[in-house]
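[1] from the sequence below, what's the structure:
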Amino acid sequence: MEEALSEYTVGVDLGGTFIKAGVIDGVGGIVAQVSAPTGVEKGAGVVVERMAAAANDSLAKAGV
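    Residues are numbered from 1 along each chain as shown. Below you'll find the model as predicted:
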């Protein structure tokens, strides 16, 4: 019998101090979450890079 693929969603919260990212499964359960400093003092480019890194880190932590 073939296994069904699970659906996952990544969410990113950009705050003034921290970026938080997490992965939830198809029924809304939290699979993984990470937090990192925003780095706003280093400019918008760094903030965007950190947002992407947080999303990727949460996926890696979730094993997805």
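
[2] now do the helices in this structure.
    Along the chain, counting by DSSP state H, helices occupy 44-62.

[3] residues near G22, how many?
    For G22, the count of nearby residues is 21 (other Cβ atoms under 10 Å). Quick note: C-beta positions are derived from backbone N, CA and C, even for glycine.

[4] who's it bridged to?
    As for beta bridges, G22 partners with G11, Q33 under DSSP bridges.

[5] check the gap between it and A55 for me.
    As judged by Cβ to Cβ, to the nearest Å, G22 and A55 stand 9 Å apart.

[6] for G16, same thing?
    19 Å.

[7] mutual contacts of G22 and A55, please.
    V10 (Cβ atoms under 8 Å, 6 or more residues apart in numbering).

[8] higher neighbour count, G16 and A55?
    A direct count of neighbours by other Cβ under 10 Å for G16 and A55 places A55 higher, at 18 against 6.

[9] surely the more buried one and A21 touch.
    Yes: here A55 reaches A21: they are 5.0 Å apart, a contact under Cβ atoms under 8 Å.

[10] what is in contact with the two at once?
    By Cβ under 8 Å, 6+ apart, the residues touching both A55 and A21 are 10, 12.

[11] quick one, grab the pLDDT at A4.
    Looking at A4, its pLDDT reads 50.

[12] tally of neighbours for S6?
    If you count neighbours by other Cβ under 10 Å, S6 ends up with 10.

[13] now L59
    Look at L59: counted by other Cβ under 10 Å, it has 18 neighbours.
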